[in-house]
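J.: when you get a sec, could you give me coordinates for this:
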Amino acid sequence: MKVQSKGVLAGVLVATVLVGAPALADDAGELIPSRERERRGSVLLELQPPALDASMYGVRLDISPRFDGPFSFGLMARAGQWGNAVGVRTRFEGAELGEVKLNYAVGADARYTVTTFANGTLRPFVGLTAGFEEFVARTGKGPSQSTSTAAFVEPAVGLMWRPGAGRLGLTARGGPGFTFTDVRTLRISNGELKLRQVYPTASLGLLVVL
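T.: Below is the predicted model of the structure:
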């Protein structure tokens with residue numbers, strides 16, 4: 001799929017959320033009494049569409065003991081492939097020498113909602129993600145030449161936007177990331193790519209509360 005097509009798809013998904021969120025927020029408020037919402041748990045599904053440079057996509061699945069409770073815990077997964085994109089430059093030194101594919105990243109996710117504003121529409125939070133990821137590097141369109149598996153830790157601050165405290169919305173987060181590995185250098189035919197120990201993270205995702 002071309003980068004333009006992925007960008008259009010991401011735009012359509014975001015537009016669908018923006019159009020449908022107020023209606024679903026009203027439905028959720030009518031169908032679930034406030035006392036029942038406090039007693040029951042919820043599942044937070046966060047989908048990260050492909051970035052405009054086609055570099056990364058992912059999913060988070062968190063469980064909250066209460067529907068609008070501050071704590072949630074779960075799992076995350078992501079994958080992607082970079083050429084000379086912004087994503088690979090934030091993760092590697094010498095990124096102009098080749099391409100890097102993120103075969104997988106899997107881990108555990110925790111989030112704490114600090115407070116709520118505008119009747120639950122805005123929810124700032126802090127979060128922590130930790131797990132393992134595997135990179136494969138190559139030169140141009142040639143075969144894979146070097147791999148590295150690393151552990152990572154990503155603390156973050158973010159904001160959930162759920163119109164009317166409803167079931168649909170958006171989630172934005174950002175913060176530093178830290179990698180831990182014995183194989184930090186990926187060797188390719190025309191040089192080396194060095195995995196950065198500290199890197200910036202940022203994402204925008206579509207949020208569905210089940």
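J.: what about this protein, any weak spots by pLDDT?
T.: Residue ranges of the chain with pLDDT under 70: 1-39, 51-54, 83-85, 95-97, 140-144.
J.: let's see 90
T.: Residue ranges of the chain with pLDDT under 90: 1-41, 49-57, 66-69, 80-102, 136-148, 164-166, 182-194, 202-203, 210.
J.: now do the helices in it.
T.: Assigned by DSSP state H, the chain shows helices spanning 3-31, 34-39, 86-91.
J.: pull the CA atoms of the last one into CSV?
T.: Listed next in CSV are the C-alpha coordinates belonging to helix 86-91 (Å, rounded to 0.1, in the frame of the first residue of the first chain):
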residue,chain,number,x,y,z
VAL,A,86,11.7,10.3,10.7
GLY,A,87,10.9,7.2,12.8
VAL,A,88,14.2,5.4,12.0
ARG,A,89,16.3,8.5,12.6
THR,A,90,14.9,8.9,16.1
ARG,A,91,15.9,5.3,16.9
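J.: in it, what's buried?
T.: By 16 or more other CB atoms under 10 Å, the buried positions in helix 86-91 come out as Gly87, Val88, Thr90, Arg91. All C-beta atoms are positioned from the backbone trio N, CA, C, and that covers glycine.
J.: could you say what helices and strands that helix packs with?
T.: Judged by 3 or more CB pairs under 8 Å, 6 or more residues apart in numbering; DSSP states H and E, helix 86-91 is in contact with strand 99-113, strand 198-209.
J.: how far away is the closest residue to Phe71 other than its chain neighbours from Met160?
T.: Nearest non-adjacent residue to Phe71, counting by CB to CB, 6 or more residues apart in numbering: Tyr112, 5.8 Å away. To Met160, Tyr112 is 12 Å away according to CB to CB, to the nearest Å.
J.: which residue of these two possesses the greater neighbour count?
T.: Between Tyr112 and Met160, counted using other CB atoms under 10 Å, the more crowded position is Met160 (23 against 13).
J.: look up how far Ser55 lies from the more buried one.
T.: 24 Å.
J.: ok, what's across the strand from Ala156?
T.: Note on Ala156: beta-bridge partners Gly127, judged by DSSP bridges.
J.: which residues does it contact?
T.: Listed by CB atoms under 8 Å, 6 or more residues apart in numbering, the contact set of Ala156 reads Val126, Gly127, Leu128, Thr129, Arg173, Gly174, Gly175, Thr201.
J.: close enough to count as contact, Val43 and Pro65?
T.: No: using CB atoms under 8 Å, Val43 is not in contact with Pro65; the gap is 11.3 Å.
J.: count the neighbours of the residue found closest to Ala150 once you drop the neighbours it is linked to in the chain for me.
T.: Excluding the flanking residues, the one nearest Ala150 by CB to CB, 6+ apart is Thr181, at 3.7 Å. Residues lying near Thr181 (other CB under 10 Å) number 16.
J.: so Thr181 sits right up against Phe152, yeah?
T.: No: using CB under 8 Å, Thr181 is not in contact with Phe152, being 9.0 Å away.
J.: and stretch 179-195, how far out from the chain middle?
T.: A distance of 24 Å separates the centroid of the chain from that of stretch 179-195, by CA atoms, centre = their mean, to the nearest Å.
J.: now swap in stretch 178-190 and tell me
T.: Centre-to-centre, stretch 178-190 and its host chain are 23 Å apart (CA atoms, centre = their mean).
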